[in-house]
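> My questions are about this predicted structure, shown below with the sequence.
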Amino acid sequence: MANFGGHAIPGSFFLFLGFWLTIKHIIQHYWRTNLQKGKPVTPPVFKRMEYIEGGFAIFASFVGVMVEQFVVDGPHAHLYDTANSSWVKLMNWQHSTMYLFYGIFGMARVACTASNLVPAGVDNLALSLALFVEGFLFYYHVHSRPLLDAHIHSLLLVAVFIASASAMLEVFIRNNIILQLFQGCLFILQGSWFYQIGFVLYPPSGPKWDETLHDNVMFITMCFCWHLAVALLLVTWTCATVWFIMKRFSGRIRDVEIGMRNTSTKAGSQKALLEESDED
């Protein structure tokens with residue numbers, strides 16, 4: 001949608017996905033490096049997390065498509081108007097196409113988690129493809145647009161295509177925490193930048209930006225770097241917080257396990273003594 005809400009919806013989706021991926025991957029990394037010894041089987045909670053992620057992607061994509069298509073001034077599933085010989089709301093159709101491929105990613109994530117018959121890495125391949133389609137659509141989204149409009153969308157392509165390449169690397173390099181956290185950072189960057197686009201092009205309050213002024217282009221370029229810095233700080237803070245919580249929580253789990261072992265050992269010793277006394 002060509003309004004602030006049309007950019008806030010995908011912005012919220014990407015922000016949530018970025019924070020979710022960061023939290024999920026740091027929990028899995030902590031388990032692999034600190035708790036996996038003697039526990040070769042993946043905890044069931046990790047599978048639930050993958051199902052939640054895939055289900056959220058499917059649900060959010062469905063909501064996004066419905067909003068883009070059936071909003072008051074939307075195309076309502078009409079692509080071509082034969083009466084006027086013209087396309088109908090192609091911008092809404094482009095956004096719907098973007099959501100469609102993220103829905104495919106969600107289905108791939110669920111399928112990979114549910115069945116061992118699906119090759120490992122198909123979900124990351126689908127994510128890479130969804131990001132590529134998003135960038136591909138936005139690349140041709142800004143032709144013949146005002147200077148600031150085209151520039152602010154082109155900066156989004158930087159985050160999108162790098163995230164696509166990162167997801168593609170994960171198809172071949174599994175469980176690399178640097179790649180995983182970097183991907184979460186790029187999703188947060190995308191989310192905040194969608195909001196920035198909405199505030200610049202469709203400000204909910206205040207004066208409208210001059211889209212032909214070169215100084216505004218320079219400021220927006222610098223602003224993108226600030227968004228990247230904030231995304232990196234947010235990922236770092238989230239990782240530190242989750243790591244601290246996991247460390248304290250895992251310590252309590254170990255205490256409980258040690259207590260249970262000691263109790264079972266004492267019970268076993270008492271049982272052996274009783275059996276010996278019965279034999280005597």
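Cool, the structure landed.
> Which parts of this structure are helices?
Assigned by DSSP state H, the helices in the chain fall at 4-30, 44-70, 90-114, 122-139, 147-172, 177-201, 214-279.
> Can you flag the weakest of these by average pLDDT?
Among the helices of the chain, helix 214-279 has the lowest mean pLDDT, at a mean of 74.
> nearest to Y80, of the helices of the chain?
Ranking the helices of the chain by their distance to Y80 (criterion: C-beta to C-beta) puts helix 90-114 first, at 10.0 Å. In this view, the C-beta of every residue, glycine as well, is placed from N, C-alpha and C.
> Can you tell me which of the helices of the chain is nearest to H76?
Nearest to H76, of the helices of the chain and by C-beta to C-beta, is helix 44-70 at 5.9 Å.
> any idea of the angle the closest one forms with helix 90-114?
Between the axes of helix 44-70 and helix 90-114, defined by axes from the mean of the first three to the mean of the last three C-alpha atoms, to 10 degrees, the angle is 160 degrees.
> Return the list of helices and strands in contact with helix 44-70.
Using 3 or more C-beta pairs under 8 Å, 6 or more residues apart in numbering; DSSP states H and E as the contact test, the elements touching helix 44-70 are helix 4-30, helix 90-114.
> would TSV of those with mean neighbour count and distance to D81 be doable?
Formatted as TSV, these follow (neighbours: other C-beta atoms under 10 Å; distance: least, C-beta to C-beta, whole Å):
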stretch	mean neighbour count	distance to D81
helix 4-30	20	21
helix 90-114	20	11
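> Can I get those helices in JSON lines including distance to N84?
Shown next, in JSON lines, are those (distance: least, C-beta to C-beta, whole Å):
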{"stretch": "helix 4-30", "distance to N84": "23"}
{"stretch": "helix 90-114", "distance to N84": "14"}
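> of all the ones you listed, which lies closest to H151?
helix 4-30 (15.5 Å).
> ok, the residue lying closest to M246 once chain neighbours are set aside - contacts?
Distance criterion C-beta to C-beta, 6 or more residues apart in numbering; nearest residue to M246, sequence neighbours excluded, is Y30 at 4.7 Å. Shown in contact with Y30 (C-beta atoms under 8 Å, 6 or more residues apart in numbering): 242-243, 246-247, 250.
> any idea how far the residue lying closest to M107 once chain neighbours are set aside lies from W237?
Once flanking residues are discounted, M107 sits nearest to I58: 6.2 Å by C-beta to C-beta, 6+ apart. Separation of I58 from W237 (C-beta to C-beta, to the nearest Å): 29 Å.
> So which of those two has more stuff around it?
I58 (18 against 11; other C-beta atoms under 10 Å).
> got a list of what that one touches?
Contacts of I58 (C-beta under 8 Å, 6+ apart): 103, 106-107, 110.
> How about L179?
Here L179 is in contact with 166, 169-170, 173 (C-beta under 8 Å, 6+ apart).
> which of these has the most neighbours?
Result: S166 is most packed of these (other C-beta under 10 Å), 23 neighbours.
> Against P204, how distant is the residue nearest to that residue when sequence neighbours are not counted?
Once flanking residues are discounted, S166 sits nearest to Q183: 4.8 Å by C-beta to C-beta, 6+ apart. From Q183 across to P204, the span is 30 Å (C-beta to C-beta).
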